[in-house]
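1. predicted coordinates and the sequence they were generated for:
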Amino acid sequence: MGSAVELMNGWILPVAVSPIIGSYLGVLIRRLPEARPVALGRSACEACSHVLTPTEMVPIASYIRQRGRCAACGAPIPADHLYIELASLAVAIAAAVVVPGGPYLWLSCVLGWWLLALAWIDARSFRLPDVLTLPLIAAGLAEATWLEPAAVTDRAVATAAAFIALWLVARVYRMVRGREGLGLGDVKLMAAAGAWVGIALLPIVMLAGALLGLAYGAAQWLRGAKLGATTKLPFGPFLAAAIWAVWLWRP
């Protein structure tokens, strides 16, 4: 019994299951924006519809063993699947390095995987689905109720303040420029930031997200990309990275 508890509280289990989580996230990221079944649909080759066998669904290892190709038809398997599994593993390792263990380690991993899915979907489709952002707000408030009851009021105020502030920014931008500059998905994701990190750290999240976005834009410009006033850049990935970093390294 003691060894089972130690395993749950230690870093080995979250790191071990992280590629499996990443495999599921790969399916979620590709299917959710297209309104395809996520939990019930069988995994199959997108080229020939070959239903994958258990040995073809081993995270990371199957992709490498099959050299990134379908075992039935030889069509290329989207590399996103491998990258997401590796990113999920990286999330668990980073959390294990920063967080000593126990429930906060698992919370940090779950938050990181959740934000990873949102960031990837936004980068692919410029969408932050309500089915992921709204439960993330509830989860942050539930975490405070469970582990930090003294912070529940602060987190609730931060959630409301973040939503109202960014909604006003988006509204004013639309009135002044005549087009969308910030989507409601970003507003809800910022509200989720308030639910997880509280009012004092919200400015740091916003600043870090903005700086990451500017750094990405600068990198694209240096690579020769043409960026203008109407160029669309997803804000979700940078905001998600900022939320997770602030959560990990908060006082």
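-> Good, I have the coordinates. Numbers count the residues shown, from 1 in each chain.
2. for the record, mean pLDDT for the helix or strand that contains residue 139?
-> Per DSSP states H and E: residue 139 is located in helix 130-147. Mean pLDDT, helix 130-147: 96.
3. tell me the buried residues in that helix?
-> Using 16 or more other CB atoms under 10 Å as the test for burial, helix 130-147 gives 132-133, 136-137, 139-141, 143-144. All C-beta spots, glycine's among them, are computed from the backbone N, C-alpha and C.
4. same check on stretch 14-34?
-> 14-15, 18-19, 21-30, 32.
5. which segments of the protein make up each domain?
-> 1-102, 126-251 (automatic domain parsing).
6. quick one: low-confidence ranges for this structure?
-> 1-9, 37, 39-42, 181, 228-230, 251 (pLDDT under 70).
7. show me where the stretch 101-250 of the chain has its helices.
-> With helices called from DSSP state H, counting those that start in this stretch, the stretch 101-250 of the chain shows them at 103-125, 130-147, 152-177, 184-197, 202-222, 236-249.
8. check the ones you listed for me and report the most buried one.
-> helix 184-197 (a mean of 25; mean count of other CB atoms under 10 Å).
9. give me the distance from that helix to the chain's centre.
-> 12 Å (CA atoms, centre = their mean, to the nearest Å).
10. do stretch 27-44 as well
-> On CA atoms, centre = their mean, the centre of stretch 27-44 falls 17 Å from the chain's centre.
11. contact partners for residue 213?
-> 233, 235, 238 (CB atoms under 8 Å, 6 or more residues apart in numbering).
12. closest one of the residues you listed to residue 186?
-> residue 235 (5.0 Å; CB to CB).
13. distance check, the closest one against residue 83.
-> Separation of residue 235 from residue 83 (CB to CB, to the nearest Å) stands at 21 Å.
14. and if you look at residue 166?
-> Distance from residue 166 to residue 83, by CB to CB: 29 Å.
15. next: residue 95.
-> In terms of CB to CB, residue 95 sits 19 Å off from residue 83.
16. neighbour-wise, which of those two wins?
-> Between residue 95 and residue 83, counted using other CB atoms under 10 Å, residue 95 has the larger neighbour count: 27 against 14.
17. if we can go back for a sec, narrow the buried residues of stretch 14-34 to those in helices?
-> 14-15, 18-19, 21-30 (DSSP state H).
18. make TSV out of these and add distance to residue 205.
-> Shown next, in TSV, are these (distance: CB to CB, whole Å):
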residue	distance to residue 205
14	24
15	26
18	24
19	28
21	24
22	24
23	29
24	27
25	22
26	27
27	29
28	24
29	23
30	28
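19. neighbours of the closest residue to residue 154 other than its chain neighbours, just the number please.
-> Closest residue to residue 154 apart from its sequence neighbours, by CB to CB, 6 or more residues apart in numbering: residue 198 at 4.8 Å. The number of residues packed near residue 198 is 22, by other CB under 10 Å.
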